[in-house]
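> no sequence on hand, only this structure:
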């Protein structure tokens with residue numbers, strides 16, 4: 001038996017898991033991300049997103065450039081409930 005190929009090191013997602021999800025109809029990186037958390041670890045997909053895009057393109061017989069990239073959201077900073085209650089503005 002061969003060792004599994006890890007695609008997303010942060011979330012420990014294998015190539016086989018990605019291929020299975022694609023077979024189940026998950027045809028965008030966003031759908032895969034929601035299903036198995038790929039790209040949601042500390043690296044925020046910097047390592048796995050290109051690999052997943054390549055796998056999607058290969059399976060769907062399209063160009064890697066045609067695979068839509070996931071939505072990136074800006075980081076947030078925690079605030080205290082007291083700051084909310086007081087209406088503090090830290091702009």
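Arrived safely, thanks for sending. Everything quoted here is computed from the prediction, not taken from an experiment.
> where along the protein do the helices fall?
Counting by DSSP state H, one finds helices in the chain at the ranges 15-23, 29-36, 48-60, 81-86.
> quick check: the gap between the most centrally placed residue in the chain and residue 1.
Most central residue of the chain, judged by C-alpha distance to the mean C-alpha position with C-alpha atoms, centre = their mean, is residue 39 at 2.8 Å. As judged by C-beta to C-beta, to the nearest Å, residue 39 and residue 1 stand 27 Å apart. C-beta: built from backbone N, CA, C; applies to glycine.
> on that earlier part again, mind checking the helices of the chain for the one nearest to residue 72?
Nearest to residue 72, of all the helices of the chain, is helix 48-60, at 10.0 Å by C-beta to C-beta.
> which parts of that closest one are buried?
By neighbour count, and taking 16 or more other C-beta atoms under 10 Å as the criterion, the buried residues in helix 48-60 are 48, 49, 51, 52, 53, 55, 56.
> could you measure from the fourth one over to residue 11?
The one in question is residue 52. Counting by C-beta to C-beta, the gap between residue 52 and residue 11 amounts to 11 Å.
> same deal with the second one?
From residue 49 over to residue 11 the distance is 12 Å, taken as C-beta to C-beta.
> joint contacts of those two?
With contacts taken as C-beta atoms under 8 Å, 6 or more residues apart in numbering, the residues that reach both residue 49 and residue 11 are residue 39.
> for the buried residues of helix 48-60, give me CSV that also has pLDDT.
Written out in CSV, the entries for these read as follows (pLDDT from 0 to 100):
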residue, pLDDT
48, 94
49, 94
51, 95
52, 95
53, 95
55, 95
56, 95
